[in-house]
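**Student:** quick one: sequence and predicted model below, then my questions.
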Amino acid sequence: MDDHTVIGRVTAILEVVAGPHPCSLARLAAETGIPKPTVRRIANQLVAERILSRDAHGYRLGLRLIELGTAATTQLGTAEAAAPFVQELHERTRQIAWIAAFDEDALITLDTAYPHEHAPLVAATWQPRWAIGPAAVTAAGHLMLSLRPAEADRVLRAGLTRLTPHTVTSPRLLHGRLQRVADTGIAYECEETRLGWWCGAALVHAPTGTYVLGLISPVRAVPMTRGITHLQRAAERLQHELTSRPGRQTGPPTRASSPARRWTPHRSPS
């Protein structure tokens, strides 16, 4: 990870510290490949700027990153517009609603709403960044792969992790699913990533980028067909909001008026 540039080294340090637990100086040096004296100097400078914080257990991300992240979502124009739709989707279903933005090969979580009883699950499993590889078997991962056929081929060649007995790992079956997802802009899975739960995700196109609105629910709490209906309606309304706001350029046409898109893999499924 050490590219011997200042920006590259700062980025490498932040990515390592972004894990779920405090990061020691020794681990920072080992995982970034940056010499320990250099890691210490850069990390301490980041602490001085409040980009990192430090305690007896190691380094953590600092509060200034929250300030910058909030400013970024405001500049993108999604925070203010999307929050009411995420909250409404949660209130209609009483389940976990969320929105994320595409960032090259990953999804970046922008907002989440969930009931009190699901807080332990969210705390244990939620991440601010979802890389396309680990997320490949999820509904959101299917959306990402449907937009990037070349990346889908790479992920399928590497093999998918079976998380439950219902996880789809067959390249042929997944290629068919990705075609359907590309045609509709909606992806869903039932008990494929967690037993007893289903998840749905919908594409939202806007002038500022491409987003994913998602819904996660226990199977016994909300029927998946009803939940997906709520999700799709919320996604369509959010897309309209993001593309029709004053001062914004007209974005891509809504899903209802868009012609079906053909998803073409770069290689034949095996």
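**Tutor:** Structure's in. What do you need? Residues are numbered from 1 along each chain as shown.

**Student:** what ranges does the stretch 51-200 of the chain have for its helices?
**Tutor:** Along the stretch 51-200 of the chain, counting by DSSP state H, counting those that start in this stretch, helices occupy 63-76, 79-93, 119-125, 139-147, 149-158, 171-184.

**Student:** turn the ones you listed into TSV, columns for mean pLDDT.
**Tutor:** Formatted as TSV, those follow (pLDDT from 0 to 100):
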stretch	mean pLDDT
helix 63-76	80
helix 79-93	89
helix 119-125	87
helix 139-147	92
helix 149-158	84
helix 171-184	90
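
**Student:** domains of this structure?
**Tutor:** Listed domain ranges for the chain are 6-61, 76-244 (source: automatic domain parsing).

**Student:** okay if I get the ones you listed as TSV plus mean neighbour count?
**Tutor:** All C-beta atoms are positioned from the backbone trio N, CA, C, and that covers glycine. Formatted as TSV, these follow (neighbours: other Cβ atoms under 10 Å):
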stretch	mean neighbour count
domain 6-61	16
domain 76-244	18
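
**Student:** re the thing from before, which among the helices of the stretch 51-200 of the chain is found nearest to residue 54?
**Tutor:** Checking those against residue 54 by Cβ to Cβ gives helix 63-76 as the closest, at 12.8 Å.

**Student:** returning to what we had before: and of the helices of the stretch 51-200 of the chain, who's closest to residue 218?
**Tutor:** When the helices of the stretch 51-200 of the chain are compared by Cβ to Cβ, helix 119-125 sits nearest residue 218, at 9.7 Å.

**Student:** and that closest one, how far out from the chain middle?
**Tutor:** Relative to the chain's own centre, helix 119-125 is displaced by 16 Å; criterion: Cα atoms, centre = their mean, to the nearest Å.

**Student:** thinking again about what came up before, residue 69: which of the domains of the chain is closest?
**Tutor:** Closest among these, using Cβ to Cβ: domain 76-244, at 8.6 Å.

**Student:** from the chain's centroid, how far away is the closest one?
**Tutor:** 8 Å.

**Student:** do the same with stretch 24-43
**Tutor:** With Cα atoms, centre = their mean, you get 28 Å for stretch 24-43.

**Student:** and the residue nearest to residue 92 when sequence neighbours are not counted, which helix or strand is it part of?
**Tutor:** Residue nearest to residue 92 in three dimensions, not counting chain neighbours: residue 230, with 5.3 Å by Cβ to Cβ, 6 or more residues apart in numbering. According to DSSP states H and E, residue 230 maps onto helix 224-244.

**Student:** export that helix to PDB, keeping only CA atoms.
**Tutor:** Only the C-alpha atoms of helix 224-244 are listed here, as PDB (Å, rounded to 0.1, in the frame of the first residue of the first chain):
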ATOM      1  CA  MET A 224     -40.800  -9.500   0.600                       C
ATOM      2  CA  THR A 225     -43.200  -8.700  -2.200                       C
ATOM      3  CA  ARG A 226     -44.800  -5.900  -0.200                       C
ATOM      4  CA  GLY A 227     -41.500  -4.600   1.000                       C
ATOM      5  CA  ILE A 228     -40.100  -4.500  -2.600                       C
ATOM      6  CA  THR A 229     -43.200  -2.600  -3.700                       C
ATOM      7  CA  HIS A 230     -42.600   0.100  -1.000                       C
ATOM      8  CA  LEU A 231     -38.900   0.100  -2.000                       C
ATOM      9  CA  GLN A 232     -39.500   0.600  -5.700                       C
ATOM     10  CA  ARG A 233     -42.000   3.400  -5.100                       C
ATOM     11  CA  ALA A 234     -39.600   5.200  -2.800                       C
ATOM     12  CA  ALA A 235     -36.800   4.900  -5.300                       C
ATOM     13  CA  GLU A 236     -38.800   6.300  -8.100                       C
ATOM     14  CA  ARG A 237     -39.900   9.200  -6.000                       C
ATOM     15  CA  LEU A 238     -36.400   9.900  -4.800                       C
ATOM     16  CA  GLN A 239     -35.000   9.800  -8.400                       C
ATOM     17  CA  HIS A 240     -37.700  12.300  -9.400                       C
ATOM     18  CA  GLU A 241     -36.700  14.500  -6.500                       C
ATOM     19  CA  LEU A 242     -33.000  14.400  -7.300                       C
ATOM     20  CA  THR A 243     -33.400  15.000 -11.000                       C
ATOM     21  CA  SER A 244     -36.000  17.800 -10.800                       C
END
